[in-house]
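# I'd like to go over a predicted model; first the sequence, then the structure.
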Amino acid sequence: MEESRIALPIGSPLDRFIKNNQDDFKFATGELSQLLRDIALSGKVVNREINKAGLMNIAGAIGTQNVQGEDQQKLDVLANIRFIRALTKGGEVCAIISEEEDEIIEVGNDTGRYVVAIDPLDGSSNIDVNVSIGTIFSIFRRKSPLGAPIEERDVLQKGTEQVAAGYVLYGSSTMLVYTTGAGVYGFTYEPSLGEYFLSHNKMMIPEDGKIYSINEGSYNSFEDSVKNYLDYCREQNYSGRYIGSLVSDFHRNLLKGGIYIYPRTAKAPNGKLRLMYECNALAFIAEQAGGMATDGERRILEIEPTELHQRVPYFVGSKNMVEKAASYF
């Protein structure tokens, strides 16, 4: 191995990167930077819990259901507690909405400038079989005056109003990927140093790809338009790749090019994925990386939310692939 490759310089630490690029955000006051650090720290804590789940009897279902009627995993509850605690104590947020909670979480800080929407642990049922899972988050600026009580308009904002979004992927390596509207950056966690380092600078998704990610076991309940697009993918000899963890499927397609699809089905006529906790954040990242996200008819980021746990059909990934899929509707 060449000596130059052995001594490659390590990437910028996350804290330094955030500080140096704070001016990319037009409302920068230092609070958003601290909020991103709080989320990153919580990701480290959750990563530690995940890595020891099999040893500490915290894998598997807890025996309760969340507001969507889905079985909660022990790690769902644990991750939810960790993130809410960190965001509450950080002091930058006035409210939190979580996929695991029925209502808005008012943190008792009416002077906080930001609202966070979070899916604390996406794909958590896969932890039992050691498959990659993740955390997804969106950050919004509040609409109501500082010091006033939280209003619904502070929380139910369109995706275009996001000031930052990202995800933490807990896999063979742990990664934090985020955007503040000035490109997408990926940081890999180095556990021996306890720090995230820049590993993926200005991430861009290829305009075309050869991977489609969808649960084809539900094929018979898809609309004809979706079936026709899948037939097209097979005719093109595209590869079907579906992990069942949204963050993992999205991350692979972000790097390699591809499309992720969760359409309407007979069981989920409005789609399964949540607009506020999953779709908006990944749509923001996709667009910042040169990709596209739609519900088949509308740009995801322009959908006006009407409820906290609103579901939508979802097509996200490489621009040309998403446009082709949408042409079947």
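Cool, got the structure.

# For the rest of this, base every contact and every neighbour count on C-alpha atoms.
Fine.

# Retrieve the pLDDT associated with Glu31.
Residue-level confidence at Glu31 comes out at 86, pLDDT.

# err, Ser125, not the other one
On the pLDDT scale, Ser125 gets 75.

# What segments of this structure are helices?
3-6, 14-20, 31-51, 53-56, 74-90, 152-155, 224-235, 246-256, 280-288, 319-326 (DSSP state H).

# Run the angle between the fifth one and helix 31-51 for me.
Comparing the axes of helix 74-90 and helix 31-51 via axes from the mean of the first three to the mean of the last three C-alpha atoms, to 10 degrees yields an angle of 150 degrees.

# Can you dump the C-alpha atoms of helix 74-90 in CSV for me?
Output of helix 74-90 as CSV, limited to C-alpha atoms (Å, rounded to 0.1, in the frame of the first residue of the first chain):
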residue,chain,number,x,y,z
LYS,A,74,-38.1,-2.0,23.7
LEU,A,75,-35.5,0.1,21.8
ASP,A,76,-38.3,2.3,20.4
VAL,A,77,-39.2,3.4,23.9
LEU,A,78,-35.6,3.7,25.0
ALA,A,79,-34.6,5.8,22.0
ASN,A,80,-37.6,8.0,22.4
ILE,A,81,-36.7,8.7,26.0
ARG,A,82,-33.1,9.4,25.1
PHE,A,83,-33.8,11.9,22.4
ILE,A,84,-36.7,13.7,24.2
ARG,A,85,-34.5,14.1,27.3
ALA,A,86,-31.6,15.5,25.4
LEU,A,87,-33.7,17.9,23.3
THR,A,88,-35.6,19.1,26.4
LYS,A,89,-32.5,19.7,28.4
GLY,A,90,-30.7,21.4,25.5
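
# pLDDT weak spots in this protein?
The model of the chain has pLDDT under 70 over residues 1-10, 25-29, 53-73.

# hmm, back to that, can you say which of the helices of the chain is packed in most?
helix 280-288 (a mean of 26; mean count of other C-alpha atoms under 10 Å).

# Quick one: residues contacting Gln34.
90, 92 (C-alpha atoms under 8 Å, 6 or more residues apart in numbering).

# Do I have it right that Ala326 meets Gly296?
Yes: between Ala326 and Gly296 there is a contact under C-alpha atoms under 8 Å: 5.1 Å.

# so which of the helices of the chain gets nearest Tyr196?
Checking these against Tyr196 by C-alpha to C-alpha gives helix 14-20 as the closest, at 5.4 Å.

# Point out the other helices and strands that the closest one packs with.
Counting contacts by 3 or more C-alpha pairs under 8 Å, 6 or more residues apart in numbering; DSSP states H and E, helix 14-20 packs against helix 31-51, strand 195-200.

# Now tell me what touches it from outside.
33, 37, 187, 195-198.

# swap the cut-off to 6 Å and go again
The contact list for helix 14-20 (C-alpha atoms under 6 Å, 6 or more residues apart in numbering) reads 196-197.

# Same question for stretch 263-274.
221-222, 309-314.

# how close does Val163 sit to Tyr238?
35 Å (C-alpha to C-alpha, to the nearest Å).

# More neighbours: which of the two?
Val163 (19 against 15; other C-alpha atoms under 10 Å).

# For the residue positioned nearest the centre of the chain, which non-adjacent residue is spatially closest?
Central residue of the chain (C-alpha atoms, centre = their mean): Ile136, 3.0 Å from the mean position. Among residues not flanking Ile136 along the chain, Tyr167 sits closest, at 4.3 Å (C-alpha to C-alpha, 6 or more residues apart in numbering).

# what's around Thr306, how many residues?
Around Thr306 there are 11 residues (other C-alpha under 10 Å).

# Which residue, neighbours along the chain excluded, lies closest to Glu287?
Nearest one to Glu287, counting by C-alpha to C-alpha, 6+ apart, is Ala293 at 7.4 Å.

# hey, what's the one you found bridged with?
Ala293 has these beta-bridge partners by DSSP bridges: Val316.

# who touches it in this structure?
Counted by C-alpha under 6 Å, 6+ apart, Ala293 has contacts 283, 300, 315-316.

# could you redo the last one with a cut-off of 10 Å?
Taking C-alpha atoms under 10 Å, 6 or more residues apart in numbering, we find Ala293 in contact with 259-261, 279-280, 282-287, 299-301, 314-319, 322-323, 326.

# go on, Ala182?
21, 24-25, 164, 202, 288-289.

# Recalculate using a threshold of 7 Å.
Asp24 (C-alpha atoms under 7 Å, 6 or more residues apart in numbering).

# for Leu176, same thing?
Leu176 neighbours (C-alpha under 7 Å, 6+ apart): 167-169, 186-188.

# Count the neighbours of Tyr277 for me.
Around Tyr277 there are 26 residues (other C-alpha under 10 Å).

# my guess is it meets Glu99, correct?
Yes: using C-alpha atoms under 7 Å, Tyr277 is in contact with Glu99, at 6.3 Å.

# For the closest residue to Glu106 other than its chain neighbours, list each beta-bridge partner.
Closest residue in space to Glu106, ignoring its immediate chain neighbours: Ala95 at 4.8 Å, by C-alpha to C-alpha, 6+ apart. Per DSSP bridges, the residues bridged to Ala95 are Glu106, Val115.
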